[in-house]
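In: make a model of this:
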Amino acid sequence: MNKFTEQQLQKVKDVGFNRLSPDGLRAFLAVSFILSLWFTLIPFAADKTNGFQVAWITVFLTILSILWVLQGISAAFFLSTERAYRYQNWLVVLVNIFYVKLISEGFGLYFLSVKGEHPYLITLGFAYMTFTIAFLLFSIKRAKINIEKGEGTLQGKGILYSGHFKLWPWLPVLMYVLLLAVLILFFFGGIGNGWLLAIVMPMVLGLSYAYPEFYFLAYGKWKFPSFIDTNIPSTKKKPSPRVNKGRKVR
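Out: The predicted structure is shown next:
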């Protein structure tokens with residue numbers, strides 16, 4: 001990665017002190033842990049109790065399940081506001097890991113649902129998983145280009161700015177429309193039911209589009225001391241005004 005200056009990452013820093021503050025990051029960790037209960041643990045249990053086994057699907061779900069346990073330990077550790085702020089550089093790294101995990105989980109659920117059915121459904125899943133990985137990596141590349149062009153400064157338009165590539169924000173939409181068309185052809189062609197992929201794709205593509213903010217926030221927190229938010233919210237209740245013989249003591 002190129003070396004960026006604090007000025008180039010000012011918009012990322014601003015995000016890190018607002019919606020992606022340590023409080024926001026630990027909330028994401030907790031919410032994604034709960035979502036993973038449906039995307040990982042339930043499919044893992046279903047795979048174990050299913051008589052028809054596909055080795056690579058079982059391995060995929062097992063890895064996600066192990067990560068889910070580690071995610072739960074991390075979420076429990078960072079329930080403390082004080083720890084979330086004290087170790088925020090490690091918190092943002094963990095959030096990056098589990099953010100990418102959340103993207104991949106939808107495919108685990110889909111592959112489990114279509115195992116034993118027509119191979120075209122597996123191929124379709126692999127095709128869209130490959131596209132998602134490419135889109136995620138190119139999202140980071142787009143953000144890097146925007147930072148170099150000054151879009152990450154306070155005067156810039158943000159690291160997710162599409163620039164001259166106007167098709168960029170619409171690319172996931174076009175791919176999703178193509179997915180629906182293929183699923184309709186599969187359905188009427190008797191190939192099988194792959195509609196679960198249509199349910200998970202908006203989530204994984206949306207997450208892939210927004211991921212660079214988390215990626216470059218982690219870079220900033222490890223590179224620049226100014227990215228560390230030291231304004232820890234007070235968790236103590238304010239003492240109520242003392243009352244003396246019906247009068248408030250000022």
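
In: which stretches of the chain form strands?
Out: For the chain, applying DSSP state E gives strands covering 243-244, 247-248.

In: now do the same for the residue nearest to Phe227 when sequence neighbours are not counted: its pLDDT.
Out: Nearest residue to Phe227, sequence neighbours excluded (CB to CB, 6 or more residues apart in numbering): Gly220, at 4.1 Å. To be clear about C-beta, it is placed using only N, CA and C from the backbone, and glycine gets the same treatment. With respect to pLDDT, Gly220 scores 96.

In: which residues does Gly220 contact?
Out: 6, 9, 12-13, 16, 227 (CB atoms under 8 Å, 6 or more residues apart in numbering).

In: go again with 10 Å.
Out: 4, 6, 8-10, 12-13, 15-16, 89, 92, 152, 226-228 (CB atoms under 10 Å, 6 or more residues apart in numbering).

In: give me the number of residues near the closest residue to Ala46 other than its chain neighbours?
Out: Once flanking residues are discounted, Ala46 sits nearest to Leu112: 6.4 Å by CB to CB, 6+ apart. Burial of Leu112 is recorded as 20 neighbouring residues (other CB atoms under 10 Å).

In: middle-most residue in this structure, spatially?
Out: Tyr99 (3.1 Å; CA atoms, centre = their mean).

In: contacts only, for that residue.
Out: 28-29, 32, 92, 207-208, 210-211, 214-215.

In: kindly report the same for Leu41.
Out: 61, 64-65, 68-69, 72.

In: now, which of those residues sits nearest Phe165?
Out: Leu64 (32.5 Å; CB to CB).

In: my guess is that closest one meets Ile42, correct?
Out: No - Leu64 is not in contact with Ile42 according to CB atoms under 10 Å; the separation is 11.4 Å.

In: higher neighbour count, the two?
Out: Set side by side, Leu64 and Ile42 show more neighbours around Leu64, with 23 against 13, by other CB under 10 Å.

In: which residues does Leu167 contact?
Out: 173-174.

In: before we move on, back to that, which neighbours do Leu64 and Ile42 have in common?
Out: In contact with both Leu64 and Ile42: 36, 109, using CB under 10 Å, 6+ apart.

In: right, and His118 touches Gly189 too?
Out: Yes - here His118 lies in contact with Gly189, judged by CB under 10 Å, at a distance of 9.3 Å.

In: more neighbours, these two?
Out: His118 (16 against 10).

In: from Ala198, how far out is that one?
Out: Here His118 is placed at a distance of 16 Å from Ala198 (CB to CB, to the nearest Å).

In: how about Ile42?
Out: 19 Å.

In: so for stretch 11-18, what's the average pLDDT?
Out: Mean predicted lDDT for stretch 11-18 stands at 95.

In: CA atoms only for it, dumped as PDB, please.
Out: The C-alpha coordinates for stretch 11-18 follow below in PDB (Å, rounded to 0.1, in the frame of the first residue of the first chain):
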ATOM      1  CA  LYS A  11     -12.700  12.100   5.600                       C
ATOM      2  CA  VAL A  12     -11.900   8.600   6.900                       C
ATOM      3  CA  LYS A  13     -10.700  10.100  10.200                       C
ATOM      4  CA  ASP A  14     -14.000  12.000  10.400                       C
ATOM      5  CA  VAL A  15     -16.000   8.800   9.900                       C
ATOM      6  CA  GLY A  16     -13.900   7.200  12.600                       C
ATOM      7  CA  PHE A  17     -14.900   9.800  15.100                       C
ATOM      8  CA  ASN A  18     -18.600   9.600  14.200                       C
END
